[in-house]
Structure formats: C-alpha cells, structure tokens
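1. Please work out how this folds:
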Amino acid sequence: MALGTAVIVGVGPGIGLELTRAFANAGHPVAMLARNKTKLDTYAAELASTGQDVRGYAADIADPGNLRSAIHSAITDLGAPDVLIYSVAVLDSDSPLGGDDQKWVTNMAIDVLGARVAADAVLPELRDGRGTLLFAGGGYALHPSKKYSSLSVGKAALRTYVQLLHEELAGTGVHATSITITKTIGSEPRFEPATLAQAYLGLTKQPESEWQHELVY
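-> Reported below is the predicted structural model:
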C-alpha cells in the first residue's frame, strides 16, 4: 500500500535533509519547506535516486499565511499526508533583557506559532484522518540557557504546546509528539543527523499503545 506524503517544515543541509532522505527511502513522497527554494531544488535533485517524488516549496515560516499556502500547495501536488515534521529553530545569542523586540516576535513566530499553523494546516488533510505529527524540540526546553534566551523560551513553549496537542488528539488516531534532542547534533554517533532521522521514522511506526507526547533523546 502506498504511503502518504511527509511534509517536512524546515529543511536544511543537516537534520532536515536526512529526514527527507529517510522518509523518501521509506516510501513517502516528501514535501520540503524552507525559505530558500534554490537549495531545496538542489536537495530534490540529489534525492531523485530514491524513486519517490521529493519537491521543495518556498515558505516564510514566520508568516502564517505564507506557511499555510505552501503546505496546501504541497498537499495538492503530492497527495494527502501521513506525516508532518516541524524541524525549525532560531539559534540567536540573546539575553533575557534588552535586545531587539521584533527579533523576539519573529523568533517566537518561528519556534512556536509556526508549529501550530503547520499542525492546523495538515490535520484536516491527513489520509484517512490518521497520521503522525512530529516536532523538533531541544535540551534548552529542559535546561534553559540565558545565553540563548529566546530559543530556550521557544523550545519550552513548543514542548508545552505539543503536550497539549497530544492530549487534544488522544483517541483520534493521530500521534503528536516532540523529540527533545538533549545534545548538540553531530556531537556523538547517536546524535548524527542520519541516526536521529531514523528515530523520527521509528515514531511513525509505533503502536498506538506506546504513543507519548515526548521522546527525550
């Protein structure tokens, strides 16, 4: 049986590209969303050997209307989704005081609001009303850093949002969970992007009895 589309929001040269590779190799058509369409087209050409339809869609994740439009275009082109992956973060060095107000607004829009917008756009389109929504968390949600204040606040808020979403969707056949990555990506073999991507893929295959709102990795 053919698999539904995997919509991956936030595809770059690290974990995002490996997620695309893992889900395409598993048999999913994949929609890659990010700001730079040229880079996405390069990734799509690189992954053409998977045999799956992998396409890039330009999206300004800080702009809810633009993000919704990109997701809807991807689903129209590639078909009903089974999977949403929201793999986005803004790594700004900032403190709890002072700084640029607008930058905080933008960072919260990307780290938190975008996750809700993406979920809201994908949920009504899930194939047979069932699927998996995965959100990339981070260790700063558990152990905040005053050197990365907006990211720490954003990841803590995202973690809370996904817990609430998980509870809201209980019994509907939709699995929502956050993957809280507790070490720097690439810092050791377990945290290599390709290894992490397989952990994401594994979550889509879990029996419903094992669903949790969070995987602390």
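
2. For the rest of this, base every contact and every neighbour count on C-alpha atoms.
-> Will do.

3. Show me the residue at the heart of this protein, geometrically.
-> Y86 (1.5 Å; Cα atoms, centre = their mean).

4. Can you list the low-confidence ranges for the protein?
-> 1 (pLDDT under 70).

5. how about the strands in it?
-> 5-9, 30-34, 54-58, 81-86, 131-136, 174-180, 214-216 (DSSP state E).

6. Strand 131-136 and the longest helix along the chain, what's the angle between them?
-> Secondary structure of the chain per DSSP state H: the longest helix is helix 149-168. Angle of helix 149-168 versus strand 131-136, following axes from the mean of the first three to the mean of the last three Cα atoms, to 10 degrees, is 160 degrees.

7. what does helix 149-168 contact?
-> 89-96, 104, 107-108, 111-112, 115, 135, 137-138, 140-146, 175-178, 212-214 (Cα atoms under 8 Å, 6 or more residues apart in numbering).

8. Likewise for stretch 77-92?
-> So stretch 77-92 is in contact with 3-11, 16, 29-31, 53, 75, 107, 110-111, 115, 118-119, 122, 125-127, 130-136, 148, 150-151, 204, going by Cα under 8 Å, 6+ apart.

9. and the strands of the chain as CSV, adding distance to T160?
-> Compiled in CSV, the strands of the chain are given as follows (distance: least, Cα to Cα, whole Å):
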stretch, distance to T160
strand 5-9, 19
strand 30-34, 24
strand 54-58, 28
strand 81-86, 15
strand 131-136, 11
strand 174-180, 9
strand 214-216, 10
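
10. How many residues are close by G65?
-> Residue crowding around G65 was assessed by other Cα atoms under 10 Å; the count is 12.

11. And I71, by the same measure?
-> I71: 25 neighbours (other Cα under 10 Å).

12. Name all residues that make contact with L169.
-> Applying Cα under 8 Å, 6+ apart to L169 gives the contacts H175, A176.

13. And the residue lying farthest from the centre of the chain, how close does it get to D111?
-> Computed with Cα atoms, centre = their mean, the residue of the chain farthest from its C-alpha average is G98, at 29.6 Å. From G98 across to D111, the span is 20 Å (Cα to Cα, to the nearest Å).

14. cool, D100 as well?
-> Distance from D100 to D111, by Cα to Cα: 16 Å.

15. Neighbour count for the two, which is higher?
-> The neighbour comparison of D100 against D111 (other Cα under 10 Å) goes to D111, with 28 against 9.

16. Please tell me how far the more buried one sits from D92.
-> 12 Å.
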